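A.B. asks: got a sequence here, can you build the structure:
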Amino acid sequence: MTDEHNHDHDHDHDHEFSDEEVIVLEDEDGTEHSFVLGEVLTVDEKDYAVLLPIDEDLEEGVIFRIDGEDGNEMVLADIESDEEWQKVVDAYNEMLDEEDDEEED
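C.D. replies: Numbers count the residues shown, from 1 in each chain. Take a look at the predicted model:
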């Protein structure tokens, strides 16, 4: 998980997930953290995975670009460009705002 970018989000930690749904990533210190796939966004014809933590010690999720599949697993890549990162974050925030607006109606 080098160079990952974090974002704020609200969610409960009281979910039960099967091993197939859990994505385990290792940080730069070698510590493993468990995530679930929260959303898949398409920005500029590329797909991005928003991973939400299920570890109690993490409060923020991470976003990776999906660079295809290896068998039935997603191949995740770091987002290197600040411009690309900002576009994805803006699209994610816009999606969250639209969901909030729909809940208020």
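A.B. asks: so where's the chain shaky on pLDDT?
C.D. replies: Scanning the chain for pLDDT under 70 picks out 1-20, 105.
A.B. asks: list the contacts for the most centrally placed residue in it?
C.D. replies: The residue lying closest to the centre of the chain (C-alpha atoms, centre = their mean) is Val50, at 1.9 Å. Going by C-beta atoms under 8 Å, 6 or more residues apart in numbering, Val50 touches His7, Leu37, Gly38, Glu39, Val40, Leu41, Gly61, Val62, Ile63, Tyr92. No exception for glycine: its C-beta is placed from N, CA and C like everyone else's.
A.B. asks: okay if I get these as CSV plus distance to Asp101, secondary structure and neighbour count?
C.D. replies: Below are the contacts of Val50 laid out as CSV (distance: C-beta to C-beta, whole Å; DSSP: H, G, I helix; E, B strand; the rest coil; neighbours: other C-beta atoms under 10 Å):
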residue, distance to Asp101, secondary structure, neighbour count
His7, 19, strand, 16
Leu37, 24, strand, 13
Gly38, 19, strand, 16
Glu39, 17, strand, 16
Val40, 21, strand, 11
Leu41, 18, strand, 19
Gly61, 22, strand, 22
Val62, 26, strand, 23
Ile63, 22, strand, 22
Tyr92, 15, helix, 20
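A.B. asks: now tabulate the residues you listed in TSV and tack on distance to Glu69.
C.D. replies: Below are those laid out as TSV (distance: C-beta to C-beta, whole Å):
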residue	distance to Glu69
His7	24
Leu37	13
Gly38	18
Glu39	17
Val40	12
Leu41	17
Gly61	21
Val62	19
Ile63	18
Tyr92	22
